[in-house]
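>>> Fold the following for me, if possible:
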Amino acid sequence: MVRAPMDEFFELPAKPFFSCDADGFSVVDGQQMRNTLDILSIEPALKLRVGPGNVFEHRPRKIVSSDGRIVEVACEDEVTVVLDFEEMRARKSAPDGEFWYMGGIEDGNDAKGWLPAR
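Okay, the predicted model is just below:
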């Protein structure tokens, strides 16, 4: 995970901007995007990379819904990831069932894996 320097814990920006890319999912502080001169140098507040056992094992395609602190992301292979920034937890819905990430969102690049929901 990428965090701003000196941050002990991730905090969702007041005006978050979410981005789906080939290599992962990013959260950017929307306030930083106001100045077009700075757009190329904006660092994400959070970058969750696609990888085995990560929160995003499948390429994120688009934001399905965003309700304050809950973001639903449609991914490849009929997978949907729900990021709960209030609880700092992630869950996913896939053709083979529902799952909870075994770490917090802050551990999303640490390949902690998924546990089937019961």
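>>> what's the burial count for the nearest residue in space to Ile42 that is not next to it in sequence?
Distances taken as Cβ to Cβ, 6 or more residues apart in numbering put Gln32 closest to Ile42, at 5.0 Å, once the chain neighbours are dropped. (Each C-beta comes from the backbone N, C-alpha and C, glycine too.) Residues near Gln32, counting by other Cβ atoms under 10 Å, number 17.
>>> What's the separation between Arg49 and Arg118?
Taking Cβ to Cβ, to the nearest Å as the measure, Arg49 falls 28 Å from Arg118.
>>> cool, and Val28?
35 Å.
>>> higher neighbour count, those two?
Neighbour tally, Val28 and Arg118, criterion other Cβ under 10 Å: the higher count belongs to Val28, 20 against 5.
>>> May I see the buried residues of the one helix or strand Val73 maps to?
Using DSSP states H and E, Val73 sits in strand 70-75. Within strand 70-75, the residues that count as buried by 16 or more other Cβ atoms under 10 Å are 71, 73-75.
>>> Adding pLDDT and distance to Ile105, write these out as JSON lines.
Converted to JSON lines, those look like this (pLDDT from 0 to 100; distance: Cβ to Cβ, whole Å):
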{"residue": "Val71", "pLDDT": "97", "distance to Ile105": "10"}
{"residue": "Val73", "pLDDT": "98", "distance to Ile105": "12"}
{"residue": "Ala74", "pLDDT": "98", "distance to Ile105": "18"}
{"residue": "Cys75", "pLDDT": "98", "distance to Ile105": "15"}
